[in-house]
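>>> What shape does this take:
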Amino acid sequence: MTDILHRIIADDGRLFGLACNTTDLVKEACRKHDVGPTAAAALGRALTGSALLAALMKDGQHLQLKFEGSGPLGKIITEAGYDGWTRGYVANPQADVELKNGCIDVAAGLGRAGFLTVTKDIGVKHKYQGMIQLYTSEIGEDIAYYLLESEQTPSVVALSVHLQPDGTISAAGGYLIQALPPVDENILVNLETRVQTLPRFSEQLISGRSPADILADLFADIPYHTTASNKLYYQCSCSRDKMEKAVFSLGNEELRYLLEHEGGADVQCEFCRDSYRFNREDLEKLLAMGKQQH
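Below you'll find the predicted structure:
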């Protein structure tokens, strides 16, 4: 199963759609972070949502979604780039909540009170940031609400993660459909009605349907054409150089403490769980650099 994002646009230019299969990258994220079922569903949806939103940007640009709720999962942070990379983590990966009607209750896990912050890096000095209160805490509906409130763009967003009884992920993906100005509200209302008649996105993936197939069903009576397809993947941008800068930023006093009491420092990336060891010699080098700057 290959993770892919498919793009289409209506022939009249008034509507476009994105749909993606994120099964493998969600599996990779959940493996790295050793998540429980509730965190797997929530993190999977957030990763999928960030991949869809990043696809609306331009080459070289990327964004971050930060969900901060009152529930046991704490915060969920995901990042994605236009070229297909994603990464993310959940603060409390083993936190769990009771099932709701036999299904994982993502809203209870995240908490119904809180905020979604979207930060976009478009390659200029200052990053663009928008924030909304969580709408339903189901993640997909919160992203749609953000697009409406912060960007005045009516959208239909559906995100889905299917877990096996043993907690393994069998499918993940979603779609985002937007109306372009001048917006015809009837088109989106008709689409939302059609969505209610279709199986969940992840269930359709399990049955063998592709993102392109699912978009074709959604645009059944709307003439459209495909604009692009690209691969998606889980990838972290951390490196020893970046972690060294983070350790250096602690300042000379903290570096001396680590040197005298710990004999070194271990730094772990929150996004991929990779660890970087800075021994006594490394810290002495950073201390010397700090002294040169003063």
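
>>> With just CA atoms, put the top helix by length along the chain into CSV.
Taking residue count as the measure and DSSP state H as the definition, the longest helix of the chain comes out as helix 37-54. Written as CSV, here are the backbone C-alpha positions of helix 37-54 (Å, rounded to 0.1, in the frame of the first residue of the first chain):
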residue,chain,number,x,y,z
PRO,A,37,-5.5,3.1,20.4
THR,A,38,-7.0,6.6,21.3
ALA,A,39,-3.7,8.3,20.5
ALA,A,40,-3.3,6.3,17.3
ALA,A,41,-6.7,7.5,16.0
ALA,A,42,-6.1,11.1,17.0
LEU,A,43,-2.5,11.3,15.8
GLY,A,44,-3.5,9.6,12.5
ARG,A,45,-6.2,12.1,11.8
ALA,A,46,-4.0,15.0,12.6
LEU,A,47,-1.2,13.7,10.4
THR,A,48,-3.6,13.2,7.5
GLY,A,49,-5.1,16.7,8.0
SER,A,50,-1.7,18.3,8.0
ALA,A,51,-0.8,16.5,4.8
LEU,A,52,-4.0,17.8,3.1
LEU,A,53,-3.5,21.4,4.3
ALA,A,54,0.2,21.4,3.2
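
>>> which element follows it toward the C-terminus?
Helices and strands here follow DSSP states H and E; after helix 37-54, the next one along the chain is strand 62-69.

>>> can you give me the offset of that next one from its chain's centre?
7 Å (C-alpha atoms, centre = their mean, to the nearest Å).

>>> Ok, stretch 67-86 next?
Taking C-alpha atoms, centre = their mean, the mean C-alpha location of stretch 67-86 is offset from the chain mean by 5 Å.

>>> could I get that stretch in PDB with only the CA atoms?
Only the C-alpha atoms of stretch 67-86 are listed here, as PDB (Å, rounded to 0.1, in the frame of the first residue of the first chain):
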ATOM      1  CA  PHE A  67      -4.200  20.800  18.900                       C
ATOM      2  CA  GLU A  68      -4.200  21.600  22.600                       C
ATOM      3  CA  GLY A  69      -7.200  20.200  24.500                       C
ATOM      4  CA  SER A  70      -8.400  19.500  28.000                       C
ATOM      5  CA  GLY A  71      -8.400  15.700  27.500                       C
ATOM      6  CA  PRO A  72      -5.900  13.100  28.600                       C
ATOM      7  CA  LEU A  73      -4.000  13.100  25.300                       C
ATOM      8  CA  GLY A  74      -2.800  16.600  26.000                       C
ATOM      9  CA  LYS A  75      -1.400  18.300  22.900                       C
ATOM     10  CA  ILE A  76      -1.000  16.900  19.400                       C
ATOM     11  CA  ILE A  77       1.500  18.500  17.100                       C
ATOM     12  CA  THR A  78       1.900  17.600  13.400                       C
ATOM     13  CA  GLU A  79       3.900  19.200  10.600                       C
ATOM     14  CA  ALA A  80       3.800  18.600   6.900                       C
ATOM     15  CA  GLY A  81       5.400  20.000   3.700                       C
ATOM     16  CA  TYR A  82       4.000  20.700   0.300                       C
ATOM     17  CA  ASP A  83       6.400  18.000  -1.100                       C
ATOM     18  CA  GLY A  84       4.800  15.300   0.900                       C
ATOM     19  CA  TRP A  85       6.700  14.800   4.200                       C
ATOM     20  CA  THR A  86       4.900  14.700   7.500                       C
END
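
>>> Buried ones in that stretch, by neighbour count?
Using 16 or more other C-beta atoms under 10 Å as the burial criterion, the residues of stretch 67-86 that qualify are 67-69, 71-86. C-beta here means a position set from N, CA and C on the backbone, and glycine is covered the same way.

>>> Spit out the contact partners of Asp34.
With contacts defined as C-beta atoms under 8 Å, 6 or more residues apart in numbering, Asp34 is in contact with Pro93, Gln94.

>>> Cool, thanks, signing off.
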